[in-house]
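Peer 1: this is the structure alone, sequence omitted:
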């Protein structure tokens, strides 16, 4: 599955790409998550190297991972496919790039995900809506 951000960027003229701003996951979560909501995490085997804890966040439009986790799991990425994110305090920052077709294994299921690389983040791995779409995941609250 192609990353939704990359699909959008491909529709733009190259000069327009530099001016696109995306809202960070933290900002979107702050605006939409009730205070009683709990974090949901799952263990995933990343790139067939190490098992990491991944945060499930269906309010995020991207799948992302910190640069430390990328290095530890021997993942390469394209620095030319970076996007600009706006943080909660309004500051802008760019991602480090995009890693394509990174294998994530959950139990017996392996999915290939397009992962935006973050210099730093309050999580190691964030599995957003692209993960939900490709796995057809469902959340049941009771």
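Peer 2: Alright, I've got the coordinates. This one's a predicted model, so the numbers in the text were calculated from it and none came from an experiment.

Peer 1: pretty sure residue 53 is touching residue 43, no?
Peer 2: Yes: with contact defined as Cβ atoms under 8 Å, residue 53 reaches residue 43; the gap is 6.1 Å. Every residue, glycine included, has its C-beta placed from N, CA and C.

Peer 1: strands of the protein, start to end?
Peer 2: Assigned by DSSP state E, the chain shows strands spanning 22-23, 40-46, 50-56, 63-66, 84-86, 92-94, 97-106, 109-118, 125-127.

Peer 1: in the chain, which helix or strand is least confident?
Peer 2: helix 25-32 (a mean of 51; mean pLDDT, DSSP states H and E).

Peer 1: who are the contact partners of the residue most central in space within the chain?
Peer 2: Centroid check for the chain by Cα atoms, centre = their mean gives residue 63 as the closest residue, at 1.8 Å. By Cβ atoms under 8 Å, 6 or more residues apart in numbering, the contact set of residue 63 is 3, 113, 114, 115, 116, 125, 126, 127, 128, 130, 131.

Peer 1: determine which two of those are furthest apart.
Peer 2: 3 and 125 (15.2 Å; Cβ to Cβ).

Peer 1: neighbour count: these two, which is higher?
Peer 2: residue 125 (26 against 20; other Cβ atoms under 10 Å).

Peer 1: any regions of the protein where pLDDT drops low?
Peer 2: 1-2, 4-5, 15-38, 86-90, 141-142 (pLDDT under 70).

Peer 1: neighbours around residue 66, how many?
Peer 2: Residues near residue 66, counting by other Cβ under 10 Å: 20.

Peer 1: scratch that, residue 61 is what I was asking about
Peer 2: Per other Cβ under 10 Å, the neighbour tally for residue 61 reads 18.

Peer 1: hmm, it is touching residue 126, no?
Peer 2: No: the criterion here is Cβ under 8 Å, and residue 61 misses it with residue 126 at 10.7 Å.

Peer 1: got the contact list for the nearest residue to residue 81 once chain neighbours are set aside?
Peer 2: Nearest residue to residue 81 in three dimensions, chain neighbours excluded: residue 98, at 3.8 Å (Cβ to Cβ, 6 or more residues apart in numbering). Taking Cβ under 8 Å, 6+ apart as the criterion, residue 98 is in contact with 3, 6, 77, 78, 81, 82, 114, 115, 116, 117.
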